[in-house]
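Asks: show me how the following folds:
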Amino acid sequence: MVRLLLLLISFATLAAWAGAQGPTPLAAEDKMKLFKSNRVLIENLVNHGIDLSDANDPLKRAEECRKTAVTLGNYVERAAKEDQNPDRVAELANLMGEVVRDGLAPNLDEAERTNTPESPQGKRVKELLKIAAADLDNVPAGIPAGKVGDNAKVKAALASLAELKSKFAK
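Replies: Numbers count the residues shown, from 1 in each chain. Below you'll find the model as predicted:
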């Protein structure tokens, strides 16, 4: 009985000690690199958000959402090739998916409903549908196989983007 109690106490102590161990802090050089990269990305996203807030019809909102998605797509490629950071690639790809799913797709649907196919706006909607599908194809093409491309999180994020592409195949 005492042996069992000591064993349980030992395991509880080891579990508490292991739980208290946090991830190793980033080196100053890595922190600076992430700060610089994130600063430019955030600046671009804020500018796109301001332009989006100024857009007064679904077509213009869709165009601004597409710009935001392309910016995120560029950063996905950068994180894959330069940083080789699969967690960052997956995070950015998921953010791109959210912009496409919650911003671009609904605004394109609304623009398609409110504009006739023969109108200049209707033609622009069809053009944006094709461009958005191509944008979604470009993301996986920019991710090399290996450490990043073979990561499970990255594969799941890219599969989600591929699934979104079906919304633009009209």
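Asks: rest of the way, CA atoms for contacts and neighbours
Replies: Fine.
Asks: pLDDT weak spots in the chain?
Replies: Residues of the chain meeting the criterion pLDDT under 70: 1-24, 170.
Asks: and the helices in it?
Replies: 2-20, 28-54, 58-78, 86-99, 105-114, 120-141, 152-165 (DSSP state H).
Asks: what's the third one packed up against?
Replies: Right, helix 58-78. If you count contacts as 3 or more Cα pairs under 8 Å, 6 or more residues apart in numbering; DSSP states H and E, helix 58-78 packs onto helix 28-54, helix 86-99, helix 105-114, helix 120-141.
Asks: quickly compare those and say which is most buried.
Replies: helix 86-99 (a mean of 21; mean count of other Cα atoms under 10 Å).
Asks: who are the packing partners of that helix?
Replies: Short answer (3+ Cα pairs under 8 Å, 6+ apart): helix 86-99 packs on helix 58-78, helix 152-165.
Asks: what sits up against that helix?
Replies: Taking contacts as Cα atoms under 8 Å, 6 or more residues apart in numbering, the residues outside helix 86-99 that touch it are 65, 68-69, 72-73, 75-77, 79-80, 147-149, 151, 153-154, 156-158, 160-161, 164.
Asks: now stretch 124-136
Replies: Contacts of stretch 124-136 (Cα under 8 Å, 6+ apart): 59, 63, 66, 70, 73, 108, 111-112, 161-162, 165, 168-170.
Asks: the same query, at a cut-off of 7 Å, please.
Replies: V70, L108, A111, E112, L161, A162, K165, F168 (Cα atoms under 7 Å, 6 or more residues apart in numbering).
Asks: please apply the same query to stretch 60-74.
Replies: 45, 48, 51-52, 55, 92-93, 96, 99-100, 103-104, 107-108, 135, 139.
Asks: select, from these, the two members most distant in space.
Replies: Greatest spatial distance among the contacts of stretch 60-74 (Cα to Cα): A55 and V139, at 26.1 Å.
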